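Student: Build the 3D model from these lines:
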Amino acid sequence: MTQSLINAEGRVLAAIDSSVYAPQVAELAGWAAARLGAALEFVHAIDRNATTASPDLSGSLSFGAQESLLAELAALDEKRSKLAQAHGRTLLEQVQARVLARHAVNASLTQRHGALVDVLLDLEPQVRLFVIGARGEHAGAAPEHLGSNLERVVRAVHRPVLVSSGELARIERFLIAYDGSATTRKCVEMVALSPLLRGLECHLLMVGREDAQRRADLTWAQDRLIQAGFAPRARMREGVPDSSIASYLREHAIDLLVMGAYGHSRIRSMILGSTTTQLLRSSRGAVLLLR
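Tutor: Numbers count the residues shown, from 1 in each chain. Modelled structure (predicted):
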């Protein structure tokens, strides 16, 4: 069961960019790697489209002038690429030193050219847990907006994704958003099997109309967590999932929300996508997305 749900030999891989959220992503990754006893790697993806901006000059200049300007633009693109690499290396070394000092975890550093999603998919076979910021370097500080890469990454990868909201807090209590579905039952199993959240205060919330079947589903999840050594506080609430879960997070000062990720099929995305996105937008703590 452990091998089928968790890549126990994999490492924690955190995506680092030049946003103000990078230190928080690194902190969360260091915390996770220390609790899992896993290797930690920081990766910085250099998108080629962001470092090259040569205009199309065909037909607008004489041949000689065009050739000269294209040579200059090629040299400029090369310089941009080298600067991007140097800047990325500095970012990686800074977060490496921070996490070593705070968590006694020595991270390896990787730079890759390409879109972030492609880079993470390429590295995924050796990964146990991804860590990424809810907002990236182009998102600004607006809490209502998510980073452009986040949804693409979460929909594309198959490993768990730990999302940093950009606010640092000691993680002492977590909530599993549970609905009795196969996806959320798997979430409970993964929490039970992993050392990541062992010893933390555990909350279990089911939102919706109460009936015998849902009570039985909640009891199963509670019993499974007790069997794994947790002491879950199980609750059932009526209401709309995203607003009810958000309220519970605030009322109980929850540091980490555990929930199912986006579905891969179109229908499943329509059902789960809006709740997942809304909670990612509103959460001020970390979010662990499982599938």
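Student: Checking residue 70 next. Helix, strand or coil?
Tutor: Three-state assignment for residue 70 (DSSP: H, G, I helix; E, B strand; the rest coil): helix.
Student: Could you give the number of residues near it?
Tutor: For residue 70, the count of nearby residues is 15 (other CB atoms under 10 Å). C-beta: built from backbone N, CA, C; applies to glycine.
Student: how close does it get to residue 189?
Tutor: 58 Å (CB to CB, to the nearest Å).
Student: Check residue 101 too.
Tutor: Computed with CB to CB, the distance linking residue 101 and residue 189 is 35 Å.
Student: Of those two, give the one with the bigger neighbour count.
Tutor: residue 189 (20 against 10).
Student: my guess is the more buried one contacts residue 224, does it?
Tutor: Yes. Look at residue 189 against residue 224 with CB atoms under 8 Å: they come within range, at 7.0 Å.
Student: Could you report the pLDDT at residue 167?
Tutor: According to the per-residue confidence, residue 167 scores 68 in pLDDT.
Student: try residue 129
Tutor: 97.
Student: same check, this time on the one 3 residues further on
Tutor: You'll see residue 132 listed with a pLDDT of 94.
Student: so what strands line up beside the helix or strand containing it?
Tutor: If you go by DSSP states H and E, residue 132 is part of strand 127-133. The strands beside strand 127-133 in its sheet (DSSP bridges) come out as strand 11-15 (parallel), strand 161-164 (parallel).
Student: show me where this protein has strands.
Tutor: 11-15, 40-46, 108-113, 127-133, 161-164, 173-178, 201-207, 233-237, 256-260, 286-290 (DSSP state E).
Student: Redo those as TSV? Include distance to residue 155.
Tutor: As requested, these are exported to TSV (distance: least, CB to CB, whole Å):
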stretch	distance to residue 155
strand 11-15	15
strand 40-46	17
strand 108-113	20
strand 127-133	13
strand 161-164	10
strand 173-178	18
strand 201-207	23
strand 233-237	28
strand 256-260	13
strand 286-290	10
